[in-house]
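>>> What would the 3D arrangement of this be:
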Amino acid sequence: MAASSHNPFPRSPNPSTRSYDSSSVSSATSPRPQVQLLGNLIGSNARLNTTPQPIGIPPLPPATQTGFQPYTPVTATSVMGRDSLPPTESVASTPGLSSAQLSANVSAQKRAYRQRRKDPSCDACRERKVKCDATETTSCSECSSRNVKCQFTKETNRRMSSIKQVQDLEKQMERVRRENSNLRRTLAERGEHMDVDTDGTEQLSQQLLPEINSEPRRRKRPTALPQDPSRARVAFRNLSKGVLKPPAPYRQPQTIITPFDHPRPSLPPKATVDMLLHTYYGAAHIMMPILHWPTLQHQVEELYQNTTNLQRVPISWHSMFFAVLAVGSLFSSDLYPDRTLRASEYLEASRKLTDPWNNDFDLDNVRASFLISLALNELNLKSGAWNWLGTAVRSAQDLDLHLEVAGVHSRVEADMRRRVWWAIYILDRMLSMEIGRPFMIDDADCDVALPEPFDDHFLHTEGPVPPPNAIPLTHFLHGIINIVRSFSAMRKACSSPVIEPPRLATFDNHFTACQKMFPEACFTGNASLIAPHMLMPLAYLLSTRLLLHRHNLAPGCPVEARNDAIQQCKVTAIETANLIARTNATLADTATAILVTHIFRSTLFLLLTGCYELASTCLRALRSIDVRRDVAIPCGRFLSFFLQILGAKQRELLTVLPRSTTPGYPSQVPLPDPRAVQDALLKDEELLIYTSADMQASTETAWVWIGAEREGPLIMPPSSTGGGLAHADNRTGLNAKEREDWGGWDSLIELTRTLASGAASPAPGYTPRAQTLPPIKMEQGANIAASGTGELGSNRNSPAAGATSGNRNTERISIANII
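Next up is the predicted model:
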């Protein structure tokens, strides 16, 4: 009788569209069992004894409480995925439990459950609008009395948590993230590793950035044997020849080897070498000191003491020496094109002294490949620089430069190994970000320590010996390392369509800490003058910050994210222009290709956002550099085109936007609100494409080329041959006519002044030339007047007076088609 009177329908987790199971409803006249009455009494007592909670959401459950679990099928031993308790009859008949204890236990169970259960009512109680006292394992008294299923299936019962509870949960999650990050850092310092299998591990790893001046995590090494295996080591070294190469510190020079004996080129005059070494030191060595300068000076003196027998000099050192002279030539004060021609000759000499079939490398081989890559990057031959950098990376890894190895007896040699590797690491990271290529170096494979924070003059074989009252470090290698070590996390963040504000704030805080590594004169609020060479290491920081925020300029990002990206890039561009204005000398002989490219990007954002005076500052800096960096002329041509498009769109908006008069000036010609004009320019998709510039060079980030395959078959162009390094067409990507058709830097400055005045008309004496940059849609039959007074982008389709409609060189852009 007891078994038949027990409710056979416990709380059902199965979703159903019905609230009741009609097949299980018993007769209305069926007597209620005594056990059921006992359960009702217990439930009533539990409701009466429950301490009233304040209005609102109850407090969060303790940490030991598991809360709700995912749904699992109900089995004979579990209900709702948990181990079931004995039925009511068994609990009531358990010896040793009094009625008060039983009532207290059930009441506590119900209170704990009701505190953590989100839905207070089952389907039946909700429809009848009565209070539900269901627990996790038993049905409520209402369903038990009516002998129906006690189930929670209606969507309306799934109530959302309050804002306060969500905020509390977010705070707990953030606290756990911080604790997890601290634990990971502690284990990394101990050389241990923590394997965590959570859903947020990947997202957390993307946000982790290395601490400033923190050493890389040490990789595990084999455990040493109790006894020294010297006998096996000797036999292994002798018998493993041709089978394997021991690690770099334990290799021995080969006794039988065919030397690579190429005819040595003649040496330049000693005075020329001294001058080029001086320019190399001021342009490259202060950022990437891969050479021990006192040692290099001593070797050069020995070289010129006996110039007749050059075969005594190792060929790898000779190749590296000419690469140093090539980089120094690019930053010399010689006139164009003598400077570039001499650098090309030195690079060619260094290449001829490089054995393409070399199988045994030394440190000078790595230095030579790195310096050739650096010079090619300054010559705007980025693909060639990428290729030679790959050679430097593989040669360095063959020498185990990426690992902190034992057995290096000299402190100078050990630190030079570190400096060479970190210089390669910097160029790999920066060049990859600039041209949109994958990294060649994986951080997980490297554990080499940071270089010692001392200049070359204080670094000796026994260790650093800095004199008292002297600055121990004057180069910027450590500051640049701290910047580029964030590129791995930055690349992972850029793999998502949009970078969220919290992650952007994390990177910005890291870059702020990196900026503190530079002298105080480089800070934003400082107004003191700075030397031009200080901008070269700062270009790494400013360019990285602009590239990070520019990622959210893509059309797939929300409007708020795109607007914020424009404003953040504008802030970086303003800081760049202010630093340029504070330089106490010209940037002509010290600017690197990275700095020129960053000034070009900053100018685009300053022009787009209406900061014309600061944009003029950047244009004057580019004018001082001009042909000294081959990338400057293509940047000027692009800026000329951008200024013409910007002026045309500004004039178009002045004619279509509503006009308003200024109070107190009734005779003044009404003009649209300048803020409305500027807002419309910031929303122009075509201008945003041009402002993104080299962002369209990568398949993963470009959106301007989408749909180009429908215009015609995509054919890979044949590789160009001839010309070499000395040919300007190869270095600039422009022919002679294209290098001259954009008007020059003075015309760009005048156009910028015109835009600032609001007239947006070409400057007197400057004739805009037709541009051929895709994907502008050109429309025939509308020409620009030769005097420069024609309205570029006017909505009138009739040709100008005296112009022929068939001249394709004077085609103009139709703003109507753009809109």
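
>>> for the residue nearest the centre of the chain, what are its contacts?
Central residue of the chain (Cα atoms, centre = their mean): Met490, 2.6 Å from the mean position. By Cβ atoms under 8 Å, 6 or more residues apart in numbering, Met490 lies in contact with Met433, Phe507, Thr544, Leu548. Bear in mind the C-beta positions are built from the backbone N, C-alpha and C, glycine included.

>>> with these in mind, which one is nearest to Ala235?
Met433 (48.4 Å; Cβ to Cβ).

>>> Checking that closest one next. Helix, strand or coil?
Using DSSP: H, G, I helix; E, B strand; the rest coil, the secondary structure recorded for Met433 is helix.

>>> Glu413: neighbour count?
Number of residues near Glu413 (other Cβ atoms under 10 Å) recorded here: 12.

>>> Actually, His457.
For His457, the tally of surrounding residues (other Cβ under 10 Å) stands at 15.

>>> Give me the distance between it and His285.
12 Å (Cβ to Cβ, to the nearest Å).

>>> sorry, back to before: next step: the contacts of Met490 restricted to helices.
Met433, Phe507, Thr544, Leu548 (DSSP state H).

>>> ok, now which ones touch the second one?
Read it as Phe507. Counting by Cβ under 8 Å, 6+ apart, Phe507 has contacts Leu209, Ser486, Ala489, Met490, Ala493, Arg545, Leu548.

>>> what about 10 Å?
Gln207, Leu209, Ser486, Ala489, Met490, Ala493, Ile499, Thr544, Arg545, Leu548, His549 (Cβ atoms under 10 Å, 6 or more residues apart in numbering).

>>> got JSON lines for those residues, with distance to Val313 and pLDDT too?
Output for these, formatted as JSON lines (distance: Cβ to Cβ, whole Å; pLDDT from 0 to 100):
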{"residue": "Gln207", "distance to Val313": "51", "pLDDT": "48"}
{"residue": "Leu209", "distance to Val313": "44", "pLDDT": "85"}
{"residue": "Ser486", "distance to Val313": "41", "pLDDT": "94"}
{"residue": "Ala489", "distance to Val313": "44", "pLDDT": "93"}
{"residue": "Met490", "distance to Val313": "43", "pLDDT": "93"}
{"residue": "Ala493", "distance to Val313": "48", "pLDDT": "92"}
{"residue": "Ile499", "distance to Val313": "51", "pLDDT": "94"}
{"residue": "Thr544", "distance to Val313": "40", "pLDDT": "96"}
{"residue": "Arg545", "distance to Val313": "44", "pLDDT": "96"}
{"residue": "Leu548", "distance to Val313": "45", "pLDDT": "95"}
{"residue": "His549", "distance to Val313": "49", "pLDDT": "96"}
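
>>> closest to Met440 among those?
Met490 (16.3 Å).

>>> three-state assignment of that closest one?
helix.

>>> One more: Asp355?
coil.

>>> Per-residue pLDDT of it, please?
The model reports Asp355 with a pLDDT of 89.

>>> ditto for the one 3 residues further on
The predicted structure scores Asn358 at 87 on the pLDDT scale.

>>> Counting neighbours, what do you get for it?
Asn358 has 13 nearby residues by other Cβ under 10 Å.

>>> picking that back up, could you turn the buried ones of the contacts of Phe507 into a ChimeraX selection?
Remark: buried members of the contacts of Phe507, expressed as a ChimeraX selection using 16 or more other Cβ atoms under 10 Å:
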select :207,209,486,489,490,493,499,544,545,548,549
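
>>> Among the contacts of Phe507, which one lies nearest to Gln165?
Of the contacts of Phe507, the one sitting nearest to Gln165 (Cβ to Cβ) turns out to be Gln207, at 24.9 Å.

>>> in this structure, which helix or strand is least confident?
Of the helices and strands making up the chain, the lowest-confidence element is strand 778-783, at a mean of 34, by mean pLDDT, DSSP states H and E.
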